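Q: pasting the sequence and the predicted coordinates here, then a few questions.
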Amino acid sequence: DEAVLVENIAQHIFEILIPKLPSSMKNLVGINSKVEQVITLMGLGLNDVRFIGISGMGGMGKTTIARAVFETIRCGFEVTCFLANVRENCEKKDITDMQKQLLDQMNISSNAVYNQYDGRTIIQNSLRLKK
């Protein structure tokens, strides 16, 4: 049936073009409005740099909101990576471990990271001119 075929094609295109939250985040009450608020604050498409802070008591869902925003907008970027609990991980280990994790998630060799300065240089050179 042509109508069913057109509907299937439209649904397929919609799924490709419109980013969706992963299935694990679909049933979270109120998450969509929070994600939309953060995305609005980010000013995607503007030619500037913005820092967005999400603050609150532990267990309030800050990381969950950040993860949901990341999953929603990641398709618009060449390189993406989500690092959770950065402060806690840097307190437990050296920052070079986080730098290596960042490089590994972007499929860039982290073997040459011996200290935080090497890591910073490799990250800067690897991400220069990338969105």
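A: Received, thanks. Residues are numbered from 1 along each chain as shown.
Q: would you map the helices across the protein?
A: 2-17, 31-42, 62-73, 86-92, 95-105, 116-127 (DSSP state H).
Q: by mean pLDDT, show me the worst of those.
A: Lowest mean pLDDT of the helices of the chain: helix 2-17, a mean of 78.
Q: quick one: that helix to chain centroid distance?
A: Centre-to-centre, helix 2-17 and its host chain are 27 Å apart (Cα atoms, centre = their mean, to the nearest Å).
Q: now swap in stretch 85-104 and tell me
A: Taking mean C-alpha positions (Cα atoms, centre = their mean), stretch 85-104 and its chain are 16 Å apart.
Q: give me the distance between the two termini of it.
A: 17 Å (Cα to Cα, to the nearest Å).
Q: could you do stretch 48-61 as well?
A: 27 Å.
Q: show me the contact partners of that stretch.
A: Contacts to stretch 48-61, defined as Cβ atoms under 8 Å, 6 or more residues apart in numbering, come from residues 31, 34, 38, 41-43, 62, 65-66. Using the backbone N, CA and C atoms, a C-beta is placed for each residue, glycine as well.
Q: can you rerun that using 6 Å?
A: Outside stretch 48-61, the residues within contact range by Cβ atoms under 6 Å, 6 or more residues apart in numbering are 41-43, 62, 65.
Q: tell me which of those is nearest to residue 126?
A: residue 42 (22.8 Å; Cβ to Cβ).
Q: report the contact partners of the residue nearest to the spatial centre of the chain.
A: Geometric centre of the chain, nearest residue: residue 70, 3.2 Å, by Cα atoms, centre = their mean. Residues counted as contacts of residue 70 (Cβ under 6 Å, 6+ apart) are residue 82.
Q: this completes my enquiry, with thanks.
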